[in-house]
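Novice: Mind folding the following:
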Amino acid sequence: MASVIRSISSSAADEAEWALRCDMAAIFRLCARFGWSEKIGNHNSVMLPGDEPLFLINPRGHLFCELRASDLIVCDLDGRVISGRGELRKVAFHIHARIHLGNPNAVAVIHVHPQYLTALSMIDGGRLALSHHNNLILNDRVAYDTEGYAPVDDDEEGDRIARLLGEKTILVMAHHGVTVVGPTPHEAFDELCSAERTCMYQITAMQTGQRLREIPDQYRLNYLGRWGEKRDARLHLDAWRRVLDRQEPDYAS
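Specialist: Predicted coordinates for the structure are as follows:
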């Protein structure tokens with residue numbers, strides 16, 4: 001009986017991991033479509049369910065547009081590759097492992113360089129304004145790093161980033177890009193989409209040279225709960241996966 005239970009548990013764990021792999025592969029492909037990745041850099045990860053702290057992440061040297069579910073490697077929080085082909089990029093380890101370790105709610109971590117949020121990270125005092133309806137839910141979820149002067153190359157810097165995030169879900173990283181975390185890949189992805197789109201509206205409006213309209217502060221939602229409880233995050237990623245199923249079905253292989 002014990003062997004049967006172990007077999008059932010192993011099968012369920014394998015199915016859960018494959019579902020996460022397919023979601024993550026879809027997110028990599030979509031980040032590539034949206035122009036959010038930096039050549040073969042940038043990295044997205046998700047903790048695997050189970051007693052042992054392991055996470056899935058993209059191996060070094062792959063474009064986002066070529067990654068498949070089976071390409072993702074499994075690593076531990078010490079940076080060892082437990083399974084899969086390829087190596088873990090050093091900067092990816094220092095960012096992702098330390099965030100996963102320091103933020104239990106950061107099950108998924110997406111680190112990319114999208115055009116508008118990255119531009120905001122390069123502006124002195126750059127902040128999301130309270131000018132669009134999306135800002136009413138987003139702005140209280142954003143932390144801003146003002147001291148990231150060089151690439152992340154040690155655990156100390158990774159821990160600093162994790163502390164800056166705290167209970168927030170979005171970190172605009174000075175001179176760098178953005179990191180978004182969430183309890184699931186689809187929630188982190190959907191929140192990133194909303195943040196980048198809203199920042200696009202703001203920067204586009206700023207280019208007119210006109211003053212931004214400000215929404216009165218009383219309309220802020222002051223919400224730090226799960227993104228998926230306020231937005232259709234699962235439905236959003238599922239919709240894009242249907243597109244990928246038609247156009248790039250190998251992502252789920």
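Novice: Helices of the stretch 101-250 of the chain, residue ranges please.
Specialist: 115-121, 135-138, 155-165, 185-206, 233-247 (DSSP state H, counting those that start in this stretch).
Novice: for those, which one sits closest to residue 177?
Specialist: When those are ranked by proximity to residue 177, the top entry is helix 115-121, at 4.9 Å, counting by Cβ to Cβ. All C-beta spots, glycine's among them, are computed from the backbone N, C-alpha and C.
Novice: Give the full set of residues in contact with the spatially most central residue of the chain.
Specialist: With the centre of the chain defined as its mean C-alpha position, the nearest residue by Cα atoms, centre = their mean is residue 110, 1.8 Å away. If you count contacts by Cβ atoms under 8 Å, 6 or more residues apart in numbering, residue 110 has them with 27, 31, 44, 179-181, 185, 188-189, 192.
Novice: just residue 232 next, same as before
Specialist: residue 190.
Novice: chain center to the host helix or strand of residue 45, what's the gap?
Specialist: Residue 45 is part of strand 43-47, with elements assigned from DSSP states H and E. Relative to its parent chain, strand 43-47 has a centroid offset of 7 Å by Cα atoms, centre = their mean, to the nearest Å.
Novice: Could you do stretch 107-121 as well?
Specialist: Relative to the mean C-alpha coordinate of its chain, stretch 107-121 is positioned 8 Å out (Cα atoms, centre = their mean).
Novice: Kindly report the same for stretch 29-48.
Specialist: Stretch 29-48 has its average C-alpha position 8 Å from the chain's average C-alpha position, going by Cα atoms, centre = their mean.
Novice: Could I get the average pLDDT for that stretch?
Specialist: What stretch 29-48 shows for mean pLDDT is 97.
Novice: Extract the CA atoms of it and return them as PDB.
Specialist: Listed in PDB are the C-alpha atoms of stretch 29-48, where the atom choice follows Å, rounded to 0.1, in the frame of the first residue of the first chain:
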ATOM      1  CA  ARG A  29       7.300  33.000 -25.400                       C
ATOM      2  CA  LEU A  30       5.000  35.900 -24.600                       C
ATOM      3  CA  CYS A  31       7.800  38.000 -23.100                       C
ATOM      4  CA  ALA A  32       9.700  37.400 -26.300                       C
ATOM      5  CA  ARG A  33       6.700  38.500 -28.400                       C
ATOM      6  CA  PHE A  34       6.300  41.600 -26.300                       C
ATOM      7  CA  GLY A  35      10.000  42.500 -26.600                       C
ATOM      8  CA  TRP A  36      10.600  42.300 -22.800                       C
ATOM      9  CA  SER A  37      13.700  40.100 -22.800                       C
ATOM     10  CA  GLU A  38      17.300  41.300 -23.100                       C
ATOM     11  CA  LYS A  39      19.000  39.100 -25.700                       C
ATOM     12  CA  ILE A  40      19.700  35.800 -24.000                       C
ATOM     13  CA  GLY A  41      19.600  37.500 -20.600                       C
ATOM     14  CA  ASN A  42      16.600  37.900 -18.200                       C
ATOM     15  CA  HIS A  43      15.100  35.000 -16.300                       C
ATOM     16  CA  ASN A  44      11.800  33.800 -14.800                       C
ATOM     17  CA  SER A  45      11.400  31.200 -12.100                       C
ATOM     18  CA  VAL A  46       8.800  29.400 -10.100                       C
ATOM     19  CA  MET A  47       9.100  27.300  -6.900                       C
ATOM     20  CA  LEU A  48       8.000  23.700  -7.300                       C
END
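Novice: Pull out the buried residues from it.
Specialist: By 16 or more other Cβ atoms under 10 Å, the buried positions in stretch 29-48 come out as 29-34, 36-37, 41-48.
Novice: got it, and stretch 242-253?
Specialist: Residues of stretch 242-253 classed as buried by neighbour count (16+ other Cβ under 10 Å): 244, 248, 251-252.
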